[in-house]
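A.B. asks: With the input below, show me the fold.
(one chain, ligands or ions: 2)
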Amino acid sequence: MRFYVPSNIYVEKNCVKNHKEEFPKIGKKALIVTGRHSAKVNGSLDDVLSVLEEKEIPYVIFDQVEENPSLETVEKGALLGKDSGADFLIGIGGGSPIDAAKAMAILMANPEEPAADLYVNKGLSHLPVVAIPTTCGTGTEATAVSVLTNHQKGMKKSIPYKIFPSLSLVDGKYLAAARKSLIISTSIDALAHAVESYLNSKSDIYNRMFPEYAFRLWAQNKEALASDAALTEDQCELFMLTSTIAGMAIAHTGTGIPHGMSYDLTYHKNVPHGMACGYFLAAYMEVCAKYVPDQVKNVLTMLDFADLEEFRTYLTSLIGSFEISREEKESFAQAMAYNEGKLSAAPCKVTPEDIHFIYEKSLIIK
Ligand code: NAP
Ligand code: FE
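C.D. replies: Ligands and ions are numbered 1, 2, ... in the order given. Okay, here's the model as predicted:
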């Protein structure tokens, strides 16, 4: 058994400003990596800039990260970072800018490396990364993972490097600017992390501290998610904490089959990441229940659902259903049946028939 999440993580109100002394310890010039709009409107970029200015740390900003960041974007951002002489990165936003910053950190530390080789583990080093999450799902502030899109190969996948942020500053106030659909989708991502980490062949007593706590926190958020009302400040903080704790869970085990299945739905059908995982969760748990019924029951109990049907109905009320064609299903299921990495993460043997069952049960196939 091993416990290892080597990031300095603060989860609290105003934590960027509270921990301004940490920034000069990390580097002398920053590459700030964000999406196109949100960091400018939710206050996160302003908080970072005021700290950098106060500490007289120069910076350049790369604000072109798209959702599900591509190798091309990572290459472009890293080029700006290299040209400017930045020696650390600050990723601000959802998982996309933070994951992109992690990958840029490798290319900046290894200026001759092409972005296309990021999928090959050459044991390369990386510059330090500061993570400031503004969505409540990926937990990337607590994981070593960077998920990138490779348009040439037509796929979305994690790169094989481990890039834990040196510093993560988690403040729920940035969530106040998020639309409800984003909060729903990203908090279902956090739920998927907890479920896939708990129902996982690598799960052990250390790891389980995290999903078990995440389930209990998530149960407290169910009502707020289902209601049309805007989140209160306290709810924003709770959603953010849930996401970070679920991130710590997958930092130990990685994700499993629902995440493996989600990538095709996001890449080919444009479904947001959290929703894409959420469609497959109940059926994945149904398959696991054939082999490890007590574990599935524990998950449902901690989430405060009476049974799998209640869980399924609740998720459908949040994200509805999604339709794909029979040809698409066949091609996605075929690829998934060979995804050894994700299949081996399940706590039981999952057969190709099980994979077909999960697709049939989770999506409308026409
Ligand atoms: P995202 O793709 O980073 O952002 C989605 C949208 O939300 C963007 O339009 C973004 O706008 C906007 N946004 C972000 N924060 C906001 C806020 N506070 N208020 C209003 N709008 C906001 O979404 P995400 O779900 O967080 O990240 C998904 C990515 O993370 C996927 O690529 C997924 O595979 C990956 N992921 C990584 C891990 C990991 O461990 N590393 C785990 C799970 C998933 P802007 O573009 O303007 O910023
Ligand atoms: Fe995820």
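
A.B. asks: residues touching Gly81, list them.
C.D. replies: When contacts are counted by C-beta atoms under 8 Å, 6 or more residues apart in numbering, Gly81 touches 31, 60, 62, 89, 104, 107-108. To be clear about C-beta, it is placed using only N, CA and C from the backbone, and glycine gets the same treatment.

A.B. asks: State the number of residues packed around Leu363.
C.D. replies: Counted by other C-beta atoms under 10 Å, the residues lying close to Leu363 total 21.

A.B. asks: my read: it touches Lys329, true?
C.D. replies: Yes - counting by C-beta atoms under 8 Å, Leu363 touches Lys329, with 7.2 Å between them.

A.B. asks: Quick check: residues of this protein near ligand 1?
C.D. replies: Applying C-beta under 6 Å from any ligand atom, we find that the chain lies next to ligand 1 at 35-39, 42, 67-68, 93-96, 99, 134-135, 137-140, 143, 145-147, 174-175, 177-178, 182, 186, 189, 273-274.

A.B. asks: Is there a quick PyMOL command that grabs whichever of those are buried?
C.D. replies: In PyMOL, a selection of the buried entries from the residues of the chain next to ligand 1 looks like this (16 or more other C-beta atoms under 10 Å):
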select buried, resi 35+38+39+42+68+93+94+95+96+99+134+135+137+138+139+140+143+145+146+147+174+175+177+178+182+186+189+273+274
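
A.B. asks: ok, now which ones touch the residue sitting furthest away from the middle of the chain?
C.D. replies: In the chain, the residue that sits farthest from the middle, by C-alpha atoms, centre = their mean, is Glu56; the gap is 31.7 Å. By C-beta under 8 Å, 6+ apart, no residues touch Glu56.

A.B. asks: got it, and Gly137?
C.D. replies: 94-95, 185-190, 243, 273-274.

A.B. asks: And what about it, helix, strand or coil?
C.D. replies: Three-state call for Gly137 (DSSP: H, G, I helix; E, B strand; the rest coil): coil.

A.B. asks: So it versus Asn207, what's the distance?
C.D. replies: Distance of Gly137 to Asn207, computed by C-beta to C-beta, to the nearest Å: 19 Å.

A.B. asks: List the buried residues for stretch 293-300?
C.D. replies: For stretch 293-300, by 16+ other C-beta under 10 Å, it's 295-296, 298-300.

A.B. asks: Report the mean per-residue pLDDT for that stretch.
C.D. replies: Regarding stretch 293-300, the rounded mean pLDDT is 98.

A.B. asks: Show me what it is in contact with.
C.D. replies: In contact with stretch 293-300 (C-beta under 8 Å, 6+ apart) are residues 195, 198-199, 215, 285, 288-289, 306-308, 311, 347.

A.B. asks: Which among those residues count as buried?
C.D. replies: So, by 16+ other C-beta under 10 Å, the buried ones in these are 195, 198-199, 215, 285, 288-289, 308, 311, 347.

A.B. asks: Next step: those restricted to strands.
C.D. replies: Nothing among the buried ones among the contacts of stretch 293-300 maps onto strands, per DSSP state E.

A.B. asks: Looking at those residues, point me to the pair that's furthest apart.
C.D. replies: The span of these, defined through C-beta to C-beta, is set by Phe311 and Pro347 at 17.7 Å.

A.B. asks: Could you tell me what pLDDT the model assigned to the residue nearest the centre of the chain?
C.D. replies: Nearest to the geometric centre of the chain sits Thr138, at 2.1 Å (C-alpha atoms, centre = their mean). According to the prediction, Thr138 has pLDDT 98.

A.B. asks: List the residues that contact the nearest residue in space to it that is not next to it in sequence.
C.D. replies: Leaving aside its chain neighbours, Thr138 sits nearest to Gly95 (3.2 Å; criterion: C-beta to C-beta, 6 or more residues apart in numbering). By C-beta under 8 Å, 6+ apart, the residues touching Gly95 are 133, 135, 137-138, 140, 147, 189, 273.

A.B. asks: Including neighbour count, pLDDT and secondary structure, could the contacts of Gly81 go into TSV?
C.D. replies: Shown next, in TSV, are those (neighbours: other C-beta atoms under 10 Å; pLDDT from 0 to 100; DSSP: H, G, I helix; E, B strand; the rest coil):
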residue	neighbour count	pLDDT	secondary structure
Leu31	28	99	strand
Val60	16	99	strand
Phe62	25	99	strand
Leu89	33	99	strand
Met104	36	99	helix
Leu107	25	98	helix
Met108	25	98	helix
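
A.B. asks: Specify which member of those is nearest to Thr232.
C.D. replies: Among the contacts of Gly81, and counting by C-beta to C-beta, the member closest to Thr232 is Leu89, at 32.4 Å.

A.B. asks: Report the two of the contacts of Gly81 separated the most.
C.D. replies: In these, the most distant members under the criterion C-beta to C-beta are Val60 and Leu107, with 15.1 Å between them.

A.B. asks: mind checking pLDDT for the residue in the stretch 251-366 of the chain that ligand 1 sits nearest to?
C.D. replies: Of all residues in the stretch 251-366 of the chain, His273 sits closest to ligand 1, at 4.2 Å by C-beta to the nearest ligand atom. What the model reports as pLDDT for His273 is 98.

A.B. asks: likewise Met1?
C.D. replies: pLDDT at Met1 comes out at 75.

A.B. asks: Give the full set of residues in contact with it.
C.D. replies: Taking C-beta under 8 Å, 6+ apart, one finds 204-206 in contact with Met1.

A.B. asks: rerun that using 10 Å as the cut-off
C.D. replies: Applying C-beta atoms under 10 Å, 6 or more residues apart in numbering, we find Met1 in contact with 204-207, 252.
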